[in-house]
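Peer 1: got a predicted structure plus its sequence, pasted below:
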Amino acid sequence: MDLFDHLSELGKRRAIFYPAFEIYGGMSGFVNYGPVGSLLKQNIEQKWRKRFVYQEGMMEVESTIIMPEQAFLASGHVAHFTDFMTRCSQCRKVYRVDLLLQDSNVKGSEGLSQQKLDNLIKKHGVQCPDCEGELLPSEPFNLMFQTQIGSLDTRQIGFGRPEAGQGQFLDFKRLYLAAREQLPLGIAQVGRCVRNEIAPRKGPIRLREFTIIDYEIFFDPEDPTYPSIEQIQDQRLRILPASEQILGSDSVSMLTVREALAEKVVGNEILCYFMALAVTFLEDLGIPFDKQRMREQLPDEKAHYSEQTFDQEVWLDRWGWTEISGHAYRTDYDLRNHMMHSGEDLRVYKSYETPRHQIQTEVKPIKERLTKDFGDREAEEIIRLLSKTDPVIVAREIRTKNFYEVPRRHPIKLTAQYLDITEKNVEVAGRYFIPHVVEPSFGIDRIVYATLEYAYSRERKRTRLALPRDVAPIKVMVYPLVPRNGLPDIAMEVYHILLEEDIVVRYDASGSIGRRYARADEIGVPICVTIDYQSMKDNTVTLRDLYTWKQVRTVIPDLANLLRMYFRKKYEFTDLGLSL
């Protein structure tokens, strides 16, 4: 058994996490959290809120899981949110091609085209892992769950959201006004998402329904600075640049935030700031710095909206380096495309202190050429969409990519021959622009699992889950030494004192005290309070520490306040009483 097997067994036995629909045989890609696991997950989410939202002075929203097709046509998910799948010609088992290649120790499969993936399968002779049968040619598979919204007469196509961030983009105009038109503006969302994964076989690491945190930070592209960057300039990052991976190396560069920005390894200050926060966040969850790295995605691997993306990866016992969060510079892709499709002006206005002269770009579609090559109806639609697009963006993409992609269900790439692009010098008092976006995105289920893996240990034939005290699901267990002679009465009194102080506490009088300590260790309870015969004499109790198994003794009237300070990390265990 490896570490994942031990955690899975513990998860089932102690109701931390376990497969969903167990009485019907279960189904891959779906996991349920029991009373212990759900509390742990909630505590990790709240810890994230405190650091990333409250301390940054940003906001959090909650939007719908089901969204209409138009939203995902605009976002590009209908056209681009696909993976490639293959099927065994003999046993008919289905595999996701890039993951199958990785499991077969074939490197460089990330982000490749369908043809290149098929070529790698043939080149390396990859076969079905189950029956060694020949694999069929791959085919694209859209990962979104499609549904119908409404009754038969009024129904529309809808999708379960594969990411939470589109809610922030769709509501940006309203939220920007609510934030008093301030940039940078961070809008977070913690919520459920669904992806119809091709072959999820990694427990809580790859799920079809999961919790994600998408954090959209909107900013002025001409002022991509962040006010708190000075506080973390000297924080270190372990970065694996794309340039090293292209050379076939996995050599990690140890850079401070200052160095990463100065050397342009990370191209955006806001992106780098939140990458650094993500590293310390995982360290606070017990995941060591040297077991983390920021891997820059390769050019062919990046999502359709990304200018630069880093995956925060953690070393896991079974799967090696595993993505825990992604940090993407999404430019203005989402707002621009929603503006085009909806007709809603999502630009913001910024006044200059004094009027300026600047170059104004105009883009005029050449209707005759569009009609000739695409037909009347398509030409009219292209012209309509271009009228809602920032001409500077069209001109920039024609200049840098030699085409501009008109976002639709089936995108059209327009080259310069279809457009008349001109520039003129004008005086302006301010500028309209579409804000750019940096997106840190966290997979909460993966973070929960990684936290469990690094908390797990076996000592003296006993299991200990040394979860950080601030995210521990149950903070305190209260025990009478024996269930008689008046000890349960005092124990229940202590239990209710702690309960009234909003400390998550449980009472347990079942079994020997040793067995109760062992049960508490297995679910990561930091403090066990034991009421014994000495308690009846001097009103004191014994406190046992999860992390060291040491004990101290303190008086009952001081207990609640001492524990509050302990869980706020103001006190250490030795501050809670006299050592025994």
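Peer 2: Thanks, I have it. Residues are numbered from 1 along each chain as shown.

Peer 1: and the helices in the stretch 401-550 of the chain, which stretches?
Peer 2: Ranges of helices in the stretch 401-550 of the chain, per DSSP state H, counting those that start in this stretch, are 444-455, 487-500, 513-522, 533-538.

Peer 1: flag every buried residue along the longest one.
Peer 2: Buried residues in helix 487-500, counting neighbours by 16 or more other C-beta atoms under 10 Å, are found at 487-488, 490-491, 494-495, 497-499. To be clear about C-beta, it is placed using only N, CA and C from the backbone, and glycine gets the same treatment.

Peer 1: and the end-to-end length of stretch 94-114?
Peer 2: Taking C-alpha to C-alpha, to the nearest Å, stretch 94-114 runs 16 Å from one end to the other.

Peer 1: what comes up buried for it?
Peer 2: Buried-residue list, stretch 94-114, by 16+ other C-beta under 10 Å: 95-102, 106, 108-110, 112.

Peer 1: which one of these sits closest to residue 139?
Peer 2: Within the buried residues of stretch 94-114, distances to residue 139 taken as C-beta to C-beta reach their minimum at residue 97, with 9.4 Å.

Peer 1: excluding chain neighbours, what is closest to residue 157?
Peer 2: residue 69 (4.2 Å; C-beta to C-beta, 6 or more residues apart in numbering).

Peer 1: max-length strand in the chain?
Peer 2: When the chain is parsed with DSSP state E, its longest strand is strand 348-365.

Peer 1: still on that earlier bit, can I get the helices of the stretch 401-550 of the chain in a markdown table with mean pLDDT and distance to residue 218?
Peer 2: A markdown table is the format used below for the helices of the stretch 401-550 of the chain (pLDDT from 0 to 100; distance: least, C-beta to C-beta, whole Å):
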| stretch | mean pLDDT | distance to residue 218 |
| --- | --- | --- |
| helix 444-455 | 98 | 23 |
| helix 487-500 | 96 | 43 |
| helix 513-522 | 96 | 44 |
| helix 533-538 | 95 | 57 |
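
Peer 1: circling back to that earlier point, by contact count, what packs against the longest strand of the chain?
Peer 2: helix 376-387, helix 391-401, strand 419-433 (3 or more C-beta pairs under 8 Å, 6 or more residues apart in numbering; DSSP states H and E).

Peer 1: which strands and helices sit next to the first one?
Peer 2: If you count contacts as 3+ C-beta pairs under 8 Å, 6+ apart, helix 376-387 packs onto strand 348-365, helix 367-374, strand 404-406, strand 412-414.

Peer 1: buried residues, that helix. List them.
Peer 2: By 16+ other C-beta under 10 Å, the buried positions in helix 376-387 come out as 379, 381-382, 385-386.

Peer 1: can you state the direction angle for it and helix 391-401?
Peer 2: 110 degrees (axes from the mean of the first three to the mean of the last three C-alpha atoms, to 10 degrees).

Peer 1: closest one to residue 522 out of the buried residues of stretch 94-114, please.
Peer 2: Of these, the one sitting nearest to residue 522 (C-beta to C-beta) turns out to be residue 99, at 32.1 Å.

Peer 1: three-state assignment of the closest one?
Peer 2: Counting by DSSP: H, G, I helix; E, B strand; the rest coil, the backbone at residue 99 sits in helix.

Peer 1: helix or strand for the residue nearest to it when sequence neighbours are not counted, which one?
Peer 2: Using C-beta to C-beta, 6+ apart and skipping the chain neighbours, the partner closest in space to residue 99 is residue 199 (7.3 Å). Under DSSP states H and E, no helix or strand contains residue 199.

Peer 1: how many other residues sit next to residue 199?
Peer 2: 18 (other C-beta atoms under 10 Å).

Peer 1: ok, back up a step: do you know which of the helices and strands packed on strand 348-365 lies nearest residue 315?
Peer 2: helix 391-401 (36.8 Å).

Peer 1: all strands of the stretch 101-250 of the chain, in order?
Peer 2: For the stretch 101-250 of the chain, the strands defined by DSSP state E, counting those that start in this stretch occupy 139-142, 146-149, 156-160, 185-194, 209-219, 236-240.

Peer 1: and residue 540, what is it in contact with?
Peer 2: 534, 553-556 (C-beta atoms under 8 Å, 6 or more residues apart in numbering).

Peer 1: perfect, that will be all.
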